[in-house]
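>>> need a structure here:
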Amino acid sequence: MSAGATVLTKADSNLRLRLADYFSLTKPRVAVLILFTVAAGAWLAARGAPNPAIIFHALVGTALVVAGASALNQVLERGSDSLMSRTENRPLASGRLSPVEGWAFGLTLAIGGLIYLGLALHHVLPMVVAGFALVSYVFVYTPLKKRTSLNTLVGAVPGALPPVIGWTAVTGSFDPEAAALFLIVFLWQVPHFLAIARIYRDEYARAGMRMLPVVDRHGDMTSRQMVCYCLALIPASMMPFLLGQAGVGYLIAAGLLGVGFLGFAVGFMRNRSVDQARRMLKASLIYLPALLALLLMNGM
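Residues are numbered from 1 along each chain as shown. Predicted coordinates for the structure are as follows:
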């Protein structure tokens, strides 16, 4: 192989690695569940199959905002990320990308996504909701992670807004049904993220993150909150039935799902080990998609 070809091959390899780093800033695995809740909100608002163009534009715009928010979050947390083994290899934490590159990439995606939502959809409310989620996640929740253990509750607010984006994309209004979806996702997030924080408690502590399991070393408050929020999820999951969105079949299935999820929280209360936290995390990743799938099938 000639020297010129070798240089071109190396340059091509470097470009691919750089693109891979930018792509990893968007946290694609996290985005999948978020976009599912956006689609669910739009589908439920339409009471059947929504206009394909509406759901497409809502998903594209939200995906851009979420990707930008994820990148901006990593810019602000690059110092903390560098202190944790699970995040130390992230592009910004490792220094492969500079903070300026992270800011430029994140802001371009986030602002571009908001503009896209504003121009592509008939209603302005989805853009407003997405903008509020972006600002509260990046500039409120992210800094609070080093200041107070209440950060999980604050972060659950923007985390529960994606189904509202989907709903408002179809209706242009924030209705009681949208509030029910918001409440379900909000309540679900607390045990979900507390399980994650328990699993990585020592790493969060080393990075100076004041997650509840870090300050609650014995797990008394953590386990109580898991149980309380799982208990609250059971009546909250009944709200679509009370609002006429779903029938008795959904009501029974949602109740069984909620009791099962609560069982894992009670299991964590009895045994606050990392293994039990992992079981709780897996249960949470089953619960929310299953509940939304039941609601979608019931509304077809």
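>>> please tell me how far the closest residue to Tyr116 other than its chain neighbours sits from Pro28.
For Tyr116, ignoring the flanking residues on the chain, the nearest one in space by CB to CB, 6 or more residues apart in numbering is Gly61 at 4.2 Å. Backbone N, C-alpha and C define where each C-beta goes, glycine included. In this view, Gly61 and Pro28 are 17 Å apart by CB to CB, to the nearest Å.
>>> ditto for Leu144
Distance of Leu144 to Pro28, computed by CB to CB: 25 Å.
>>> which stretch of helix or strand covers Trp167?
Using DSSP states H and E, Trp167 maps to helix 162-171.
>>> how about the CA coordinates for the helix or strand that that helix is followed by, as CSV?
Downstream of helix 162-171, the first helix or strand assigned by DSSP H and E is helix 176-199. Output in CSV follows, covering the C-alpha atoms of helix 176-199 (Å, rounded to 0.1, in the frame of the first residue of the first chain):
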residue,chain,number,x,y,z
PRO,A,176,-56.5,15.7,31.6
GLU,A,177,-55.5,12.6,29.7
ALA,A,178,-52.1,14.2,29.0
ALA,A,179,-51.8,15.0,32.7
ALA,A,180,-52.4,11.4,33.5
LEU,A,181,-49.7,10.3,31.2
PHE,A,182,-47.3,12.8,32.7
LEU,A,183,-48.1,11.6,36.2
ILE,A,184,-47.6,8.0,35.4
VAL,A,185,-44.1,8.6,33.8
PHE,A,186,-43.2,11.0,36.6
LEU,A,187,-44.0,8.5,39.3
TRP,A,188,-42.3,5.6,37.4
GLN,A,189,-39.0,7.5,37.1
VAL,A,190,-38.3,7.8,40.8
PRO,A,191,-37.9,4.1,41.6
HIS,A,192,-36.3,3.6,38.2
PHE,A,193,-33.5,6.2,38.8
LEU,A,194,-33.1,5.3,42.5
ALA,A,195,-32.3,1.7,41.4
ILE,A,196,-29.7,3.1,39.0
ALA,A,197,-28.3,5.3,41.7
ARG,A,198,-28.0,2.4,44.2
ILE,A,199,-26.2,0.3,41.6
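>>> what angle separates helix 176-199 from helix 162-171?
160 degrees (axes from the mean of the first three to the mean of the last three CA atoms, to 10 degrees).
>>> what about helix 176-199, average pLDDT?
Averaged across helix 176-199, pLDDT comes to 97.
>>> to the chain's geometric centre, what's the distance from stretch 293-300?
22 Å (CA atoms, centre = their mean, to the nearest Å).
>>> circling back: tell me which residues are up against the helix holding Trp167.
34-35, 37-46, 50-51, 54-55, 57-58, 62, 66, 117, 121, 123, 125-126, 129-130, 133, 174-175, 177-178, 181-182, 185 (CB atoms under 8 Å, 6 or more residues apart in numbering).
>>> the residue nearest to Tyr116: what's it in contact with?
Counting by CB under 8 Å, 6+ apart, Gly61 has contacts Gly113, Leu114, Tyr116, Leu117, Ala120, Leu121, Pro126, Met127, Ala130.
>>> check contacts around the nearest residue to the fifth one once chain neighbours are set aside.
Spelled out, it's Ala120. Among residues not flanking Ala120 along the chain, His57 sits closest, at 3.8 Å (CB to CB, 6+ apart). Shown in contact with His57 (CB under 8 Å, 6+ apart): Tyr116, Leu117, Ala120, Leu121, Ala169.
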